[in-house]
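> okay, sequence plus prediction incoming.
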Amino acid sequence: MDPKSAQPVRGTIEEETLFTFNQVRKILEAAGCTLNDVVKSTVHLADIEEFDRFNATYKEFFKAVAVLPARTTVQSILWNSIKVEIDVVARKPKCAECPLENICHAGDKTWSTVEIHNAAKL
């Protein structure tokens with residue numbers, strides 16, 4: 001979904017996938033994460049027959065990441081005829097200022113996950 005117009009972004013499976021992942025990247029960056037921190041993605045495709053085309057875009061988007069995140073991809077009935085919906089879970093990096101293993105100076109758990117849900121709708 002376009003954040004300015006609140007309308008779905010229409011296009012090919014490749015275009016909708018790339019748009020959605022670019023939205024995910026912005027959300028990850030706002031949370032202090034990068035694509036390297038993504039550990040799992042769940043992908044809903046309106047048409048599983050478009051998987052190969054989606055997958056080529058997915059691989060290209062994550063090409064700079066050493067290890068592709070775990071992924072589940074299923075066919076689903078999607079809101080307002082969008083072609084793809086993507087959720088990711090990322091591991092938030094440990095704060096360099098924090099002396100403790102699992103607690104951040106700001107009170108956040110550093111090993112918690114950052115969930116990006118329905119990024120196409122944000």
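Ah, there it is. Predicted model only: the values in this text are computed from it and were never measured.
> now the helices: where do they sit in this structure?
Along the chain, the stretches classed as helices by DSSP state H are 13-30, 51-61.
> what residues sit buried inside the longest one?
Neighbour-count burial for helix 13-30, counted by 16 or more other Cβ atoms under 10 Å, picks out 13-14, 16-21, 23-25, 27-28. Bear in mind the C-beta positions are built from the backbone N, C-alpha and C, glycine included.
> export the helices of the chain to TSV and tack on mean pLDDT?
Shown next, in TSV, are the helices of the chain (pLDDT from 0 to 100):
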stretch	mean pLDDT
helix 13-30	94
helix 51-61	97
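> quick one: contacts for the nearest residue to Phe19 once chain neighbours are set aside?
Using Cβ to Cβ, 6 or more residues apart in numbering and skipping the chain neighbours, the partner closest in space to Phe19 is Val9 (5.0 Å). Val9 makes contact with Met1, Asp2, Glu15, Glu16, Phe19, Ala120, according to Cβ atoms under 8 Å, 6 or more residues apart in numbering.
> quickly note the distance from the residue nearest to Phe62 when sequence neighbours are not counted to Gln7.
Distances taken as Cβ to Cβ, 6+ apart put Leu68 closest to Phe62, at 5.5 Å, once the chain neighbours are dropped. Computed as Cβ to Cβ, to the nearest Å, the Leu68 to Gln7 distance reads 31 Å.
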